[in-house]
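Engineer: Here is my input; please provide its structure:
(one chain, ligands or ions: 1)
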Amino acid sequence: MKSNRQFVIPFKGLKIGKHEFVFDIDDKFFEDFPESEITKGNVHVEVELDKKSTMLQFEFRLTGSATVICDRCLDNLELPVEYETELFVNFGDETEEQTDEIIVLSHNEYELDIAQFIYEYIHFSLPYKRVHPDDENGESTCNKEMLKKLDEYIIHENENNTDPRWDDLKNLLNQN
Ligand SMILES: [Zn+2]
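Structural biologist: I've put the predicted structure just below:
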């Protein structure tokens with residue numbers, strides 16, 4: 001059970017109209033998500049809630065940075081986070097997520113924990129390919145020490161596994 005109530009919006013008690021919320025997320029936020037690919041992050045989150053009589057309309061604006069592991073050198077890679085999205089909350093018989101942008105809450109609900117949404121939006125903002133960019137000379141800015149170590153490790157790994165093509169050749173020679 002999550003004990004952090006920092007991101008819970010008690011919408012039931014709010015007046016009809018617009019309400020603003022601001023959150024500043026740091027490394028600690030990601031500790032609540034052990035499966036996260038993000039190891040560190042600093043993200044400023046602005047949330048505007050437009051409460052209407054029958055629905056809630058959220059607007060999210062995220063800016064900041066998040067650190068993931070580089071796909072090539074496995075060192076830390078800091079990426080910018082820039083994301084804007086809307087979330088529509090309707091009310092129905094039971095709580096369900098209809099799409100990324102539309103959820104339905106049961107009429108009994110009176111608050112919404114938006115931490116999971118913020119977590120997902122930060123991930124949506126990250127590029128699919130997570131590799132240190134090249135510098136102005138076209139040289140990779142990956143951690144060279146790490147790449148060297150990885151190379152050594154891979155060569156070492158291969159020493160223990162014989163190439164199956166050699167096995168085929170050996171078998172062929174043994175037959176004659
Ligand atoms: Zn890298």
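Engineer: Am I right that residue 36 is in a helix?
Structural biologist: No - Residue 36 is assigned coil when assessed by DSSP: H, G, I helix; E, B strand; the rest coil, not a helix.
Engineer: Next one, pLDDT for the closest residue to it other than its chain neighbours please.
Structural biologist: Sequence neighbours aside, residue 30 is the residue nearest to residue 36 in space, at 4.8 Å (criterion: Cβ to Cβ, 6 or more residues apart in numbering). Using the backbone N, CA and C atoms, a C-beta is placed for each residue, glycine as well. Listed pLDDT for residue 30 reads 92.
Engineer: now for the helix or strand where residue 30 lies, which elements pack on it?
Structural biologist: According to DSSP states H and E, residue 30 maps onto helix 27-31. Packing partners of helix 27-31 (3 or more Cβ pairs under 8 Å, 6 or more residues apart in numbering; DSSP states H and E): strand 40-51, helix 115-125.
Engineer: Now render those as TSV, adding mean neighbour count.
Structural biologist: As requested, those are arranged in TSV below (neighbours: other Cβ atoms under 10 Å):
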stretch	mean neighbour count
strand 40-51	18
helix 115-125	18
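Engineer: Quick one: mean pLDDT for the lengthiest strand in the chain?
Structural biologist: Assignment by DSSP state E gives strand 76-92 as the longest strand of the chain. For strand 76-92, the mean per-residue pLDDT is 96.
Engineer: show me where pLDDT drops low in the protein?
Structural biologist: The chain contains residues with pLDDT under 70 at 1-3, 156-176.
Engineer: So which residues on it come close to the ion?
Structural biologist: With Cβ under 5 Å from the ion as the criterion, the chain comes near the ion at residues 70, 72, 73, 132, 142.
Engineer: just to revisit the earlier point, what comes into contact with the helix holding residue 30?
Structural biologist: Defining contact as Cβ atoms under 8 Å, 6 or more residues apart in numbering, one finds that helix 27-31 is touched by 36, 38, 39, 40, 41, 43, 115, 118, 119.
Engineer: And the residue nearest to the fourth one when sequence neighbours are not counted, how close does it get to residue 127?
Structural biologist: In space, and not counting its chain neighbours, residue 40 is closest to residue 67: 4.0 Å by Cβ to Cβ, 6+ apart. Separation of residue 67 from residue 127 (Cβ to Cβ, to the nearest Å): 14 Å.
Engineer: picking that back up, of all the helices and strands packed on helix 27-31, which one is nearest residue 147?
Structural biologist: Closest to residue 147 of these, according to Cβ to Cβ: strand 40-51, at 21.7 Å.
Engineer: If anything else comes up later, I'll come back, but that's it for now.
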